[in-house]
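A.B. asks: Make a model of this:
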Amino acid sequence: QVQLVESGGGLVQPGGSLRLSCAASGSIFSSYVMGWYRQAPGKQRELVATITSGGTNYAASVKDRFTISRDSAKNTIYLQMNGLTPEDTAVYYCNARTPTPPYATYWGQGTQVTVSS
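C.D. replies: Got it, this is the predicted structure:
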């Protein structure tokens, strides 16, 4: 079983920065695909960024503003968010999934990010 706990959300002004953290515990392996998703009010959950041993992947809307990283020793992933806009307001969820079938997916409880002046 995998447990994911996010932290680091909050209220920030437009143009500001935040860093989200996701601490993973349980039977998690370096081969897992780790990522961040977000869900704004009235919208579907969407991919923000993923990280694997092979590299990173970003949604077009956050590319060049957000950076996903991983500290394997701490079983923690991060999302550094710069140049935040009100459109980035959402609940951000940490995600872990196995890389091969049978696929298993795990979610954190989410952390609120609000960008407002």
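A.B. asks: which residues touch Ala90?
C.D. replies: The contact partners of Ala90, by Cβ atoms under 8 Å, 6 or more residues apart in numbering, come to Arg38, Gln39, Ala40, Lys43, Gln112, Val113. C-beta: built from backbone N, CA, C; applies to glycine.
A.B. asks: Buried subset of these as a PyMOL selection?
C.D. replies: Filtering those down to the buried ones (16 or more other Cβ atoms under 10 Å) takes a single PyMOL command:
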select buried, resi 38+113
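A.B. asks: taking the contacts of Ala90 one by one, which sit in strands?
C.D. replies: Here DSSP state E is the test, and those give Arg38, Gln39, Gln112, Val113 as lying in strands.
A.B. asks: Let me have those residues in CSV, extended by distance to Ala60 and pLDDT.
C.D. replies: Formatted as CSV, the ones in strands among the contacts of Ala90 follow (distance: Cβ to Cβ, whole Å; pLDDT from 0 to 100):
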residue, distance to Ala60, pLDDT
Arg38, 14, 98
Gln39, 18, 98
Gln112, 23, 98
Val113, 19, 98
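A.B. asks: Could you list the paired strands of the helix or strand hosting Gln3 along with their orientation?
C.D. replies: Following DSSP states H and E, one finds Gln3 within strand 2-7. If you go by DSSP bridges, strand 2-7 pairs up with strand 18-26 (antiparallel).
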